[in-house]
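Undergrad: kindly return the folded structure for what I paste below:
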Amino acid sequence: MKVVLNEQRMDRYQKMQCWVILKRFMVGRDGWAFNKTLDPKKLGILGNKCESVLLKPIGFEDIESKLHKFVYSGPDEFANDMRLLFSYGFMYPQRDQIHRVARRFSESFEITWKALTEKWSTEERKRNKIFKRGRIKRCTKNFSTKL
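TA: This is a model prediction of the structure:
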């Protein structure tokens, strides 16, 4: 795991909002299912065929660690890790509790994530609009004083 320094990294505001989303899942009643890294050997449910599919074992604690260490360069990397974790939960049989929790968490996450990304894009548009207005006003003031 590398720590990103002096490169493009996630905005502090976005990081905190991602952390809040993550904490809600971790502390919730079914957070136990994904807090630790999913280990198919330990659980003995998936068998040998799925061990090779788990290319990047991950859990909520791993994602939280990456957030704290600024490993993510953007919020999309965070979202991809969350989706990856839920996809591992989908590998369990449909009647298994971990599969059901993964489905519920995934649906909840996608709804929350969509709202959050819309909020970020709206805020970004407002910031850009204000910046453009401020720049235009300053330019016209400087130009008019020279005449």
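Undergrad: quick check: what element follows the lowest-mean-pLDDT helix or strand in the chain along the chain?
TA: Ranked by mean pLDDT, DSSP states H and E, the helix or strand of the chain with the weakest confidence is helix 40-43, at a mean of 56. Counting by DSSP states H and E, the element after helix 40-43 in chain order, helix or strand, is helix 60-68.
Undergrad: what's the mean pLDDT across that following helix?
TA: In this model, helix 60-68 carries a mean pLDDT of 95.
Undergrad: packing partners of it?
TA: Contact here means 3 or more CB pairs under 8 Å, 6 or more residues apart in numbering; DSSP states H and E; on that basis helix 60-68 packs against helix 12-27, helix 32-35, helix 75-89. Any C-beta I mention is one placed from the backbone N, CA and C, and that applies to glycine too.
Undergrad: mean neighbour count, mean pLDDT and distance to Leu67 for those - can I get that in a markdown table?
TA: Formatted as a markdown table, the helices and strands packed on helix 60-68 follow (neighbours: other CB atoms under 10 Å; pLDDT from 0 to 100; distance: least, CB to CB, whole Å):
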| stretch | mean neighbour count | mean pLDDT | distance to Leu67 |
| --- | --- | --- | --- |
| helix 12-27 | 15 | 94 | 5 |
| helix 32-35 | 18 | 93 | 15 |
| helix 75-89 | 18 | 94 | 7 |
